[in-house]
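*Asks:* take a look and give me a structure for this.
(one chain, ligands or ions: 2)
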Amino acid sequence: MTVRIAPSILSADFASLGRAVEAVERGGADFIHVDVMDGHFVPNITIGVPVVQSLKRIASVPLDVHLMITNPDRYIESFAEAGAAMISVHVEVLKHLHRTVHAIKALGVKAGVVLNPATPVALIEDIAADVDYVLVMSVNPGFGGQTFISRSESKVADVRLALDRAGNQAAPIEIDGGIDTRTVGRVVAAGARILVAGSAIFNSPDPERATRDLKAAAARALPASATTR
Ligand code: DX5
Ligand code: ZN
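*Replies:* Ligands and ions are numbered 1, 2, ... in the order given. This next block holds a predicted model:
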């Protein structure tokens, strides 16, 4: 499994999202990460279905939609119709996670589950065989530009063990929060294979180059043995 980069448009200029997407695609972005926040699950409000619809028209790479909302079940179908290729939901808000994961898959969309920094890995043990990916939050969700929480490294390793134990070697681990050229090596070594980066890319003067640099740094950190993961 190679390492893929998912620039988060949260830190981009919302008045020029099209140009932001083009720039990171030129830099080798593998996905566009879309942070949906409702002002309830997290303190911030961001974007919704119509923006995903517009992004779908211009993006060449798949849209990775991260739902930071209290009632994801209500919106999954709309985001799928709008063009999401991947939808991730937080385990902290779902009483019937199995049902939600399978509802996402039934829409033809890859299903991911997300763990906040203080949420134990044990909560995904019984869904680990069913998911297409697991997203480990390495900051508390809500804002871009926060500091990477070091404990996330061992969390990634623990999630990898849980997925492998469940026989789900194919499911990658995505990591989100505080990822830049300094933190990338540690998280890739721990097993992360999809890297979300917002401020490291869009707060840089050259997002295309920042994407390329992050991807190169990630590839350098990939263990030689990691050819199947
Ligand atoms: C935070 C979001 C992230 C955010 C990451 O709640 O889920 O995707 O954009 O931003 P950085 O890379 O700046 O930490
Ligand atoms: Zn995110």
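*Asks:* quick one, phi psi at Pro61?
*Replies:* Just to correct that, residue 61 is Val rather than Pro. Main-chain torsions, Val61, degrees, to the nearest 10: phi -100, psi 160.
*Asks:* ok, it to Arg74 distance?
*Replies:* Remark: distance between Val61 and Arg74 (Cβ to Cβ, to the nearest Å) = 27 Å. In short, each C-beta sits where N, CA and C put it, glycine included.
*Asks:* looking at the two, which is more packed in?
*Replies:* Neighbour totals were compared for Val61 and Arg74, and Val61 leads with 18 against 9 (other Cβ atoms under 10 Å).
*Asks:* the more buried one: what's it in contact with?
*Replies:* Glu25, Ala29, Asp30, Phe31, Ile32 (Cβ atoms under 8 Å, 6 or more residues apart in numbering).
*Asks:* next: Pro205.
*Replies:* So Pro205 contacts nothing (Cβ under 8 Å, 6+ apart).
*Asks:* sec struct for it, please.
*Replies:* coil (DSSP: H, G, I helix; E, B strand; the rest coil).
*Asks:* excluding sequence neighbours, find me the nearest residue to Gly28.
*Replies:* Lys215 (5.0 Å; Cβ to Cβ, 6 or more residues apart in numbering).
*Asks:* nope, Val196 is what I was after
*Replies:* Nearest to Val196 is Asp176, by Cβ to Cβ, 6+ apart, at 3.9 Å.
*Asks:* who's that neighbour bridged to?
*Replies:* Met137, Val196 (DSSP bridges).
*Asks:* next, count neighbours for Met137.
*Replies:* Met137 has 24 nearby residues by other Cβ under 10 Å.
*Asks:* so Ser154: helix, strand or coil?
*Replies:* Three-state assignment for Ser154 (three-state DSSP): helix.
*Asks:* got it, and Asp213?
*Replies:* Asp213 ends up helix, using three-state DSSP.
*Asks:* list the contacts of it.
*Replies:* Thr181.
*Asks:* from Val184, how far off is it?
*Replies:* In terms of Cβ to Cβ, Asp213 sits 10 Å off from Val184.
*Asks:* residues from the chain in reach of ligand 1?
*Replies:* 8, 10-11, 33, 35, 66, 139, 141-142, 144-146, 176-179, 196-200 (Cβ under 6 Å from any ligand atom).
*Asks:* now, those that are in strands?
*Replies:* His33, Asp35, His66, Asp176, Val196, Ala197 (DSSP state E).
*Asks:* what's the local residue count around the first one?
*Replies:* So the one you mean is His33. Neighbour number of His33 under other Cβ under 10 Å is 26.
*Asks:* so who does it touch?
*Replies:* Neighbours of His33 in contact, by Cβ under 8 Å, 6+ apart: Ala6, Pro7, Ser8, Ile9, Leu10, Asp64, His66, Asp176, Val196, Gly198.
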